[in-house]
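Asks: build me a model from this:
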Amino acid sequence: MKTPAAIFVESGKPLVVDDIDLPDPGPTQVLVRHFATGVCHSQLHELHRPNPLVPLVLGHESTGVVSATGKDVTHVKEGDNVMVTWVQRNANRTTPRPTPAHVTFNGEQINYGAPAFTGTFTWARDTVADQQMIVPLEKGVPTDVTSIIGCAVMTGAGAALNAAQVRPGNSVAIIGAGGVGLSVIQACANLSADPVIVVDLTDEKLEFAKKFGGTIGINARNEDPVEKVRQLMGGEPTSGVDFAFDAIGSGRTMEQILHMARARRPGERDGGVAVLVGVPHGETPTLPMQMLFGGKVYRGAPGGCSIPDNDFPLLVRWFKQGKLPLDLMVTRRYKLEQINEACDALAKGEIAGRAIVEF
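Replies: Numbers count the residues shown, from 1 in each chain. Now for the predicted structure:
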C-alpha cells in the first residue's frame, strides 16, 4: 500500500512529503495507521549528521490503530489502539531481533530509523513494525498527547525510575527542560525527590518546569550551575545532589552532571550518580579523574533503561491520574506537510516541551 511520509532525500535539503510503498505485514509484523507522532531532537541529529543514509524516513514514537497483523502476532489485533516505540517491549538475551519491513520509495529501498534503533519509523501516515515495537493502549485514553510516551516520556521518566531508581528524599538536578527533561522532572517529583533542581538557559523554561514538579530553577546564562548546585546542597567542594541528569547530551552538560553529583560520604559504597539521558553529540568531554575518585558514578540511560510492557502502563496511569500532564507538555501541533517547520522550530529552541505531528 502507499502512504504519505516525510522523506529525507538529500543532505542539506528540506524533507519531502511524498508516498512510500509499504508491504503487507509479515508473520510478526503489525500495520498501524497513525493518530500522532512526536518530533524528537534525535531526529535533528540524524538530519544533520555527515553522509546520512538517504532516502530516509524518521520518527520513533507514535500512537495509532492496528489495521492488520501478521499470523504470529498475538498481543494486539485489528482495531486496537497502540503505541509505537523504538525499544523492544520485553526483550531478553534470547529474544530474536525485530524483523524490519521492506519499504520502498520510487522503487528504491528506503532507510528508516537510526543505526542503534530497531526498525521503527513514524513520520508517515501508516507504518509497518515488528510486534516487539508495538504496545497496547487502552481505549478511551487520548491518542494525541500519548504519542510521546514511546520516546520522550519513556526516556526521561525511565531515567528516574529505572536507571537512577530515585527514592523519596533524594536530591536531584536536571539539565535541560525540553520534553525529555520535563519527563525526568515529573518522574522525580512523583517519586518524592527533594529538591528538584532544574537547569536551563531561559527563565521561561524554568518557570514552565515548575508545572512538572521543578522546585528550584537555575538559569545557566546568568550563573555557574555547578557552583549554584553546590551552594544549594551545602556549599562544600564535595557537595552536590544524589542524582544529576543530563537531558541535553552536549560535551559541556555531560561534564557538568559529574560535577553536580555529590562525593561519597563515609560508610557509603557510592557517591552521587551522574545520569546521561540525552543523545551524546558534539565534542566528547574530558571527565576529571578526581571526580570519579570521589566515589561518584557515571552511567548512561539508553531509552531510560525502560521495558515498555512494564513502564508504559504506569506512564499512562500517571497521565490519567494527573501526575504526568502530557497535555501541558505538548505545546506545538503540526500536520505532516509542516514537518520542516516543526524541525526548524525545534532546532531554534522555540518549542517548550514537545511538538507532535497529527494525522
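Asks: do you know the pLDDT at G113?
Replies: The predicted structure scores G113 at 68 on the pLDDT scale.
Asks: give me the buried positions along stretch 332-347.
Replies: Burial within stretch 332-347, assessed by neighbour count using 16 or more other C-beta atoms under 10 Å, is assigned to 332, 334, 336, 338-339, 342-343, 345-346. Backbone N, C-alpha and C define where each C-beta goes, glycine included.
Asks: out of these, the closest to E223 would be?
Replies: The shortest approach to E223 among these belongs to L346, at 26.5 Å (C-beta to C-beta).
Asks: tell me the contacts of that closest one?
Replies: The contact partners of L346, by C-beta atoms under 8 Å, 6 or more residues apart in numbering, come to 39, 41, 44, 355.
Asks: please pick the buried ones from the residues you listed.
Replies: Burial by neighbour count, 16+ other C-beta under 10 Å: within these this picks out 39, 41, 44, 355.
Asks: among the contacts of L346, name the ones in strands.
Replies: Mapping the contacts of L346 onto strands (DSSP state E) picks out 39, 355.
Asks: roughly how far is the lowest-mean-pLDDT helix or strand in the chain from the heart of the chain?
Replies: Using mean pLDDT, DSSP states H and E, helix 289-293 stands out as the lowest-scoring helix or strand of the chain, at a mean of 73. Helix 289-293 sits 29 Å away from the centroid of its parent chain (C-alpha atoms, centre = their mean, to the nearest Å).
Asks: which phi and psi does R230 have?
Replies: Main-chain torsions, R230, degrees, to the nearest 10: phi -60, psi -40.
Asks: I'd assumed V241 was in contact with it.
Replies: No. In terms of C-beta atoms under 8 Å, R230 does not count as a neighbour of V241; the distance is 9.3 Å.
Asks: returning to that earlier point: what is the least confident helix or strand of the chain packed up against?
Replies: helix 251-260 (3 or more C-beta pairs under 8 Å, 6 or more residues apart in numbering; DSSP states H and E).
Asks: after the helix it packs on, next one along is what?
Replies: Moving toward the C-terminus from helix 251-260, the first helix or strand encountered (DSSP states H and E) is strand 273-276.
Asks: residues in contact with that following strand?
Replies: Counting by C-beta under 8 Å, 6+ apart, strand 273-276 makes contact with 159, 163-164, 242-246, 249, 254, 257-258, 260-261, 296-301, all of which sit outside it.
Asks: centre of the chain versus it, how much separation?
Replies: For strand 273-276 - counting by C-alpha atoms, centre = their mean - the centre lies 16 Å from the chain centre.
Asks: one more: stretch 251-261?
Replies: Per C-alpha atoms, centre = their mean, the displacement of stretch 251-261 from the mean C-alpha position of its chain is 20 Å.
Asks: stretch 156-176: which residues count as buried?
Replies: Taking 16+ other C-beta under 10 Å as the neighbour-count basis, stretch 156-176 is seen to contain the buried residues 156-164, 166, 170-176.
Asks: the residues you listed in helices, which ones?
Replies: Secondary structure assignment (DSSP state H) places 156-158 from those within helices.
Asks: R230 and V241: which has the busier surroundings?
Replies: For R230 against V241, the residue with the higher neighbour count under other C-beta atoms under 10 Å is V241, and the figures read 26 against 20.
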